[in-house]
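**Q** Below are the sequence and a predicted model for it; my questions follow.
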Amino acid sequence: MKKIFTLCVFAFAAIFSKAQVVLNEVYPDPGATFQEFFELYNTSTNPVPESLDNYTLVAYYEEAGGKSGFYVLDLPNQTVNAKGYYVGSSLSTFAIQGQSGLSANLNWNSMPAGGALTKWEKSGSSYISVAVPANLNDLFVKISGGGGSSAAFQILVYRNGMLVNGIMGGSNANAIPTSLKAMPDLFVDMTGGSPDFTIKFSALSDNSVEYITGTAATNNGYYRQYDGKCGVWKLSSTAADYTPGQPNGSAAAALGTLTISTTIAPYIVDPTKSLVTYNVTAGPADAFPVVVEVYQDLGIIGQLDASDVLVDTKNIGNASIGTQSVIMPTVYDGAIIVAKSPAGCFDQVIVLPALQAKSTLPIHLISFQGNMNKNNKVTLNWTVADNETANNFEVERSFNGRDFAMAGVVFASEKMGTENYTFYETTSGTDKVMYRLKMIDKNREVDYSRILIFQLKSTSSNNIKIIGNPVNDKLTFSYISPATQSVDVKVYDMSGRIVLKNKVNSLEGSNVISLPLSSTLTTGMYIVEVNNGTELQSSKFIKQ
């Protein structure tokens, strides 16, 4: 029997639910030939994908004849990766102004297993179930008179019956509309084993949602300037502003409403570690309580990504709590401090650089890539320059991105100059495995490669996955190959011109490829395409 929650949403509700997924883009008022869509963004760096089975979108509507109520979208049993995106639309392949052929993870008119779309019409002090219109393209109904404090678009996101995010689009007041708070309690009957719950709209807290000035009209909507960042929603009708399933920008580039002092210093007790301190000294009352997370910066330096490891989490109730301290594992890795608001989004992302640079080795790693086939056999390949300075390479394996153990040792050859190495093993018991190289030179100095992540073929989608997007001087991506074969890799600019072309030998299963990008390549968005002669795989990426 399913457990039923009565939901009283106070300011701390979103904090203690540890929300991971927030709204990132909404296109609620399309023209006649376009489709509505929403995008969710997973703010977590947990290497285990976030299940959407317990997430629910609730959208308020008003109709002719004084009717009002809610569309309730119980998301299906699907997942979204750390720092990843999930797109829902009224069609599986949809179009918006200026863009077509876009792919949705969810078509709410053709619901996958574990999900449901229902419509509830207010009737006295309760609701009645009414039929959802066929081929619904108006899930986010525009409320008449929107643009003032009433909010033209009212969308709430719940996780396990707790409010974790929401937007009041077209609201000029930072308060939930009285018409919404006056709605009767709504019982939400979730599918499968997800917990049922009851929403008490009268108990909604004003700081548990976000407010956007300006009402979306035909062929425009809302998007965050930075992924997961609070207070950076924009109203736009410019087609290029909407990038469903693609990055909007790193939240580390923008300040928030809080004032936070931070330091990173040597840890006196153990000089191999560092001590991070922070103090939330000021901020508006509605920014509290704040969740402050401290991460070890292991991925792209200075950017919160899926390779970073959560070290500490604290709930800060007000600006008088005082200084907090966190011991970091090493002096060689920096820290990233993330402050989350009650609405579940980032108020600030603060980067603290490492105290000491890692040793500069004469070993120069030219490339590190690999493959996992359908039998879970992993093949890792790497190439080094100045091979004569290398002593050995330790291949390290992890199943959680935090704890690495040695999987094997490869001793350096006596060859001078450039040398190629290979390592094989078969994995079991997990749907994701990660590898890195520990490179040791003849002076016993140590350095590490980047991390390669592989998923079982049965759990991987047949799409290119960009690693470390946006990219700088190198494009790294993973893709699934149905067989061992040679494939053509091309990179196009947005005008369709080919700017890079290469032929790559891929193995059956999951492949990770890294290609250098020319320094003459200008900043902007590009498309990478893999063609094996029978099928195409492609994905967008941003060149910084």
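**A** Received, thanks.
**Q** switch to C-alpha atoms for all contacts and neighbour counts from now on
**A** Fine.
**Q** give me every residue that touches residue 341.
**A** 15, 230, 287, 288, 289, 290, 291, 347 (CA atoms under 8 Å, 6 or more residues apart in numbering).
**Q** just residue 492 next, same as before
**A** By CA under 8 Å, 6+ apart, the contact list for residue 492 reads 498, 499, 500, 526, 527, 528.
**Q** on that earlier part again, closest to residue 88 among the contacts of residue 341?
**A** residue 230 (21.4 Å; CA to CA).
**Q** And the closest one, how far from residue 43?
**A** Applying CA to CA, to the nearest Å, the value for residue 230 to residue 43 is 12 Å.
**Q** Take the contacts of residue 341 and keep only those in strands.
**A** Judged by DSSP state E, the contacts of residue 341 include 290, 291, 347 as members of strands.
**Q** a helix runs through residue 240, doesn't it?
**A** Yes - read with DSSP: H, G, I helix; E, B strand; the rest coil, residue 240 is one of the residues of a helix.
**Q** Find the residue closest to it in space, skipping its chain neighbours.
**A** Computed as CA to CA, 6 or more residues apart in numbering, the closest residue to residue 240 that is not its neighbour in sequence is residue 98, at 7.6 Å.
**Q** Check whether that neighbour really touches residue 237, as I assumed.
**A** No - contact criterion CA atoms under 8 Å: residue 98 and residue 237 do not qualify, at 9.9 Å.
**Q** The two: which is more packed in?
**A** Using other CA atoms under 10 Å, the more surrounded residue of residue 98 and residue 237 is residue 237, with 18 against 12.
**Q** List the contacts of that one.
**A** Contacts of residue 237 were listed using CA under 8 Å, 6+ apart, and they are 219, 220, 221.
**Q** which regions of this structure lie under the pLDDT threshold?
**A** Scanning the chain for pLDDT under 70 picks out 1-19, 145-149, 253, 358-362, 429-431, 456-463, 495-496.
**Q** what domains does the record give for it?
**A** Segmentation of the chain into domains, based on automatic domain parsing, reads 4-249, 252-352, 364-455, 460-543.
**Q** could you flag which of the contacts of residue 492 are buried?
**A** 500, 526, 527, 528 (16 or more other CA atoms under 10 Å).
**Q** okay, those in a markdown table with secondary structure and distance to residue 91 next?
**A** Listed next are the buried ones among the contacts of residue 492 as a markdown table, based on DSSP: H, G, I helix; E, B strand; the rest coil; distance: CA to CA, whole Å:
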| residue | secondary structure | distance to residue 91 |
| --- | --- | --- |
| 500 | strand | 33 |
| 526 | strand | 25 |
| 527 | strand | 23 |
| 528 | strand | 24 |
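**Q** With respect to residue 90, which of the residues you listed is nearest?
**A** Closest approach between those and residue 90, by CA to CA: residue 527, at 25.0 Å.
**Q** The closest residue to the closest one other than its chain neighbours: which element?
**A** In this structure, residue 527 finds its nearest non-sequential neighbour in residue 540, 4.4 Å apart by CA to CA, 6+ apart. For residue 540, the host element (DSSP states H and E) is strand 536-543.
**Q** Give me every residue in contact with that strand, excluding its own residues.
**A** Taking CA under 8 Å, 6+ apart as the rule, strand 536-543 contacts 246, 462-466, 469-472, 479, 521-531.
**Q** Just the buried ones from these?
**A** Buried subset of the contacts of strand 536-543 (neighbour count, 16+ other CA under 10 Å): 246, 464-466, 469-472, 479, 526-530.
**Q** Switch those over to a markdown table; also include distance to residue 328 and secondary structure.
**A** Output for these, formatted as a markdown table (distance: CA to CA, whole Å; DSSP: H, G, I helix; E, B strand; the rest coil):
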| residue | distance to residue 328 | secondary structure |
| --- | --- | --- |
| 246 | 32 | coil |
| 464 | 34 | coil |
| 465 | 30 | strand |
| 466 | 29 | strand |
| 469 | 26 | coil |
| 470 | 27 | coil |
| 471 | 27 | strand |
| 472 | 28 | coil |
| 479 | 34 | strand |
| 526 | 37 | strand |
| 527 | 38 | strand |
| 528 | 37 | strand |
| 529 | 40 | strand |
| 530 | 40 | strand |
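**Q** Dump those into JSON lines; add distance to residue 54 as well.
**A** Below are the buried ones among the contacts of strand 536-543 laid out as JSON lines (distance: CA to CA, whole Å):
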{"residue": "246", "distance to residue 54": "24"}
{"residue": "464", "distance to residue 54": "27"}
{"residue": "465", "distance to residue 54": "25"}
{"residue": "466", "distance to residue 54": "27"}
{"residue": "469", "distance to residue 54": "28"}
{"residue": "470", "distance to residue 54": "30"}
{"residue": "471", "distance to residue 54": "33"}
{"residue": "472", "distance to residue 54": "37"}
{"residue": "479", "distance to residue 54": "29"}
{"residue": "526", "distance to residue 54": "35"}
{"residue": "527", "distance to residue 54": "33"}
{"residue": "528", "distance to residue 54": "34"}
{"residue": "529", "distance to residue 54": "34"}
{"residue": "530", "distance to residue 54": "35"}
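**Q** and the residue nearest to residue 425 when sequence neighbours are not counted, what does it touch?
**A** Computed as CA to CA, 6+ apart, the closest residue to residue 425 that is not its neighbour in sequence is residue 378, at 5.4 Å. Residue 378 makes contacts with 370, 371, 372, 424, 425, 426, 427, as judged by CA under 8 Å, 6+ apart.
**Q** and what of residue 285?
**A** Residue 285 is in contact with residue 318, counting by CA under 8 Å, 6+ apart.
**Q** Now do it against residue 343, distance only.
**A** If you go by CA to CA, the gap between residue 285 and residue 343 works out to 13 Å.
**Q** With residue 320 instead?
**A** Note on residue 320: its distance to residue 343, by CA to CA, is 21 Å.
**Q** Comparing the two, which shows the higher neighbour count?
**A** Taking other CA under 10 Å, residue 320 and residue 343 do not tie; residue 343 has more neighbours (31 against 11).
**Q** can you tell me how far that one sits from residue 223?
**A** Noted for residue 343: a distance of 16 Å to residue 223, by CA to CA.
**Q** Same check on residue 47?
**A** 26 Å.
**Q** Please enumerate the helices of the stretch 151-300 of the chain.
**A** Taking DSSP state H, counting those that start in this stretch as the test, the helices found in the stretch 151-300 of the chain are 178-181.
**Q** so residue 267 makes contact with residue 326?
**A** No - in this structure, residue 267 is not within contact of residue 326 by CA under 8 Å, at 9.9 Å.
**Q** which neighbours do the two share?
**A** Residues touching both residue 267 and residue 326 (CA under 8 Å, 6+ apart) are residue 275.
**Q** can you pull the contacts of residue 112?
**A** Residues counted as contacts of residue 112 (CA under 8 Å, 6+ apart) are 76, 77, 106.
**Q** Sort out which one of those residues lies nearest residue 26 for me.
**A** When these are compared for distance to residue 26 (CA to CA), residue 106 wins out at 14.2 Å.
**Q** That closest one: neighbouring residues, count only.
**A** Residues near residue 106, counting by other CA under 10 Å: 23.
**Q** Thank you, goodbye.
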